[in-house]
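Visitor: this one's structure only:
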Ligand code: FA5
């Protein structure tokens with residue numbers, strides 16, 4: 001019997017050594033190490049042996065054979081698994097040095113290009129670039145801009161609220177800024193006039209996307225605070241800016257309007273090549289209440305402010321019919337600019 005056991009063990013070890021795949025290992029495990037395997041069958045025969053000594057010796061031989069087979073299976077499985085993994089890695093390897101045809105160069109997105117060009121134009125006119133946070137307090141976004149809680153004009157901006165209550169604050173008092181105008185307040189509170197800044201940035205509204213609206217878009221705010229600033233300074237600045245940004249052949253107009261934070265207020269429109277007008281932004285003389293919220297004396301200081309839609313300016317300048325094209329991430333559209 002012991003001879004049979006040793007023969008079975010040697011056959012098993014030779015087969016395991018010769019196994020070429022993990023599937024072979026599974027089959028050999030069933031054949032030799034399983035409950036119905038060859039060694040288990042020999043173990044069952046132990047009972048038929050005559051003496052206790054024979055049973056002990058044969059039992060020890062079977063156990064020894066079984067553990068030798070288990071060890072061999074584990075070792076061979078480890079070798080084959082490592083080989084399979086190496087093969088998979090090699091098959092899935094990406095050659096990052098490979099390129100198809102001539103390399104192409106990327107460039108800044110159309111919105112970024114417009115943003116940077118606008119900054120350049122205004123820096124050329126003597127403005128400095130300022131910025132503020134995208135997550136704002138209700139106070140900076142509305143209240144300091146002459147829109148106390150309950151003011152009907154708040155409804156003009158379909159506001160997105162942030163689920164955050166600041167220490168000592170009220171629920172619903174944190175918003176995604178609906179315009180860049182809160183940067184006016186932050187700038188007035190942070191520095192002494194004279195102030196000549198532009199503040200480009202991302203703003204958020206619960207607007208449904210259409211040809212001229214996006215729920216996330218960009219504005220550039222302008223703020224001038226100095227002595228004896230008049231509406232003529234505002235009109236002159238907008239005229240100079242229009243010529244510098246759009247070039248000759250574009251017409252612009254200021255149209256009387258209403259904003260709570262400016263008085264008087266004007267809307268700024270530009271004429272499309274097809275003759276139709278599109279609204280690009282709002283503007284006006286900074287309201288005395290806004291100067292006060294910014295810590296300034298309206299008897300001493302006056303100023304003007306404006307807020308233009310950057311994306312609208314980009315589509316106007318390039319003759320794009322639909323603002324949604326800007327954000328569809330279609331490389332065929334973007335690479336034209
Ligand atoms: C404002 O946001 C005022 N803060 C502008 C302002 C600043 C007035 C300073 C006076 C003084 P309004 O909601 O009209 O105003 O937006 C200004 C411009 O942003 C619009 O003229 C338009 O060009 C752009 N705009 C508004 N909503 C969208 C939108 N959903 N998608 C793309 N552009 C938009």
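Guide: Happy to help now that I have it. Computed from a predicted model, the values in this text were never measured in an experiment.

Visitor: Am I right that residue 278 sits in a strand?
Guide: Yes: Residue 278: assigned to a strand according to DSSP: H, G, I helix; E, B strand; the rest coil.

Visitor: can you count the residues close to it?
Guide: Using other CB atoms under 10 Å, residue 278 has 14 other residues around it. For glycine as for every other residue, the C-beta is placed from the backbone atoms N, C-alpha and C.

Visitor: ok, now how distant is it from residue 79?
Guide: 71 Å (CB to CB, to the nearest Å).

Visitor: Ok, residue 34 next?
Guide: Distance of residue 34 to residue 79, given as CB to CB: 21 Å.

Visitor: got it, and residue 161?
Guide: Applying CB to CB to residue 161 and residue 79 gives a distance of 61 Å.

Visitor: Give me the distance between the least confident helix or strand in the chain by mean pLDDT and the centre of its chain.
Guide: The weakest-scoring helix or strand in the chain, judged by mean pLDDT, DSSP states H and E, is helix 38-44 (a mean of 83). Here helix 38-44 is found 63 Å from its chain centre; the criterion is CA atoms, centre = their mean, to the nearest Å.

Visitor: Run through who's touching it.
Guide: With CB atoms under 8 Å, 6 or more residues apart in numbering as the test, helix 38-44 has contacts from 1, 4-5, 8-9, 12, 31-34, 59, 62, 65-66, 69.

Visitor: What segments of this structure are helices?
Guide: Taking DSSP state H as the criterion, the chain carries its helices at 2-18, 22-28, 38-44, 52-91, 110-124, 138-141, 182-190, 231-246, 288-293, 310-318, 331-334.

Visitor: Whichever of the contacts of helix 38-44 end up buried, select them in ChimeraX.
Guide: Filtering those down to the buried ones (16 or more other CB atoms under 10 Å) takes a single ChimeraX command:
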select :1,5,8,9,12,31,32,33,62,65,66,69
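
Visitor: pLDDT check: weakest of the contacts of helix 38-44?
Guide: Ranked by pLDDT, the contacts of helix 38-44 bottom out at residue 1 (79).

Visitor: Residue 58: neighbouring residues, count only.
Guide: Residue 58 has 19 nearby residues by other CB under 10 Å.

Visitor: ah, wrong one, I meant residue 2
Guide: Residue crowding around residue 2 was assessed by other CB under 10 Å; the count is 14.

Visitor: contacting residues for it?
Guide: Neighbouring residues of residue 2 by CB under 8 Å, 6+ apart: 57-58, 61.

Visitor: got it, and residue 159?
Guide: Contacts for residue 159 were tallied using CB under 8 Å, 6+ apart; they are 141, 175-176, 178, 205-206.

Visitor: One more pass at 6 Å, please.
Guide: The contact partners of residue 159, by CB atoms under 6 Å, 6 or more residues apart in numbering, come to 175, 178.

Visitor: For this structure, which residues are neighbours of the ligand?
Guide: Proximity of the chain to the ligand (CB under 6 Å from any ligand atom) is limited to residues 179, 181, 205, 207, 213-214, 217, 219, 259, 262, 265, 279-284, 305-309, 311-312, 323.

Visitor: Kindly recompute the last result at 5 Å.
Guide: Contact residues, the chain versus the ligand (CB under 5 Å from any ligand atom): 179, 181, 207, 213-214, 217, 259, 262, 279-282, 284, 305, 307, 309, 312.

Visitor: From the residues you listed, keep the buried residues only.
Guide: Buried subset of the residues of the chain next to the ligand (neighbour count, 16+ other CB under 10 Å): 179, 181, 214, 217, 259, 262, 280-282, 284, 305, 307, 309, 312.

Visitor: buried stuff in the least confident helix or strand of the chain?
Guide: Buried residues in helix 38-44 (16+ other CB under 10 Å): 38-39, 42-43.

Visitor: The nearest residue to residue 58 once chain neighbours are set aside and residue 45, how far apart?
Guide: Using CB to CB, 6 or more residues apart in numbering and skipping the chain neighbours, the partner closest in space to residue 58 is residue 1 (4.9 Å). Shown here: residue 1 relative to residue 45, a distance of 7 Å by CB to CB.

Visitor: Then residue 186?
Guide: For residue 186 relative to residue 45 (CB to CB), the value is 91 Å.
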